[in-house]
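S.K.: Give me a 3D structure for the following:
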Amino acid sequence: MALRRIPSASSGRRLVLLDASVLVAASHSASGGSALAIEVCQGSKFRAAITVRIILEARVNIAEKFGEPELLRFYQQLATLEPAMVAHPPLERMAECGRLVGEKDAHVLAAALECGADYLLTLDRRHLLTPSVLSAGLSVKVLMPGDFLKQIATIV
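M.R.: Numbering: from 1, shown residues only. I've put the predicted structure just below:
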């Protein structure tokens, strides 16, 4: 099965899929690593990618954990970010990823792989930042926002 790449990834901008955990953290702290990583994805070197499911998951978590200011910041960040929208991954890809990260988070990893993302940013140490995922030889680098920022410091 051929990967469907997002056009911006082939135009010189590296594609960064954002997990809901990063969006939630950025909505809560405008000066934290997640918010800074989102800002980097607005530049000429990187472009954010996201799925509808990730947006919905982030929105629900923000509404449950925080208040109106954080929800407003979330919508403002999304509007400014103008992320590439990634289609829901095929069931075969979801099943492959489910064996690695579990069913709940399979959609995140599958979307990153399916769209050809260079990076997947997450704060999910329990499912996505595990030794089995990090040593799986994936085509996408799974990183925390702070590690992403350190890694790309010489690029930006």
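
S.K.: Tell me how far residue 110 lies from residue 22.
M.R.: Counting by CB to CB, to the nearest Å, the separation of residue 110 from residue 22 is 17 Å. All C-beta atoms are positioned from the backbone trio N, CA, C, and that covers glycine.

S.K.: more neighbours, the two?
M.R.: Set side by side, residue 110 and residue 22 show more neighbours around residue 22, with 29 against 25, by other CB atoms under 10 Å.

S.K.: Which helix or which strand is home to the more buried one?
M.R.: Using DSSP states H and E, residue 22 maps to helix 20-28.

S.K.: starting at the chain centroid, how far to that helix?
M.R.: Centroid displacement of helix 20-28 relative to its chain, using CA atoms, centre = their mean, to the nearest Å, is 10 Å.

S.K.: And the contacts of it?
M.R.: With CB atoms under 8 Å, 6 or more residues apart in numbering as the test, helix 20-28 has contacts from 32-35, 37-38, 50, 54-55, 57-58, 61-62, 65-66, 70-71, 73-74, 77-78, 108, 121-124, 145.
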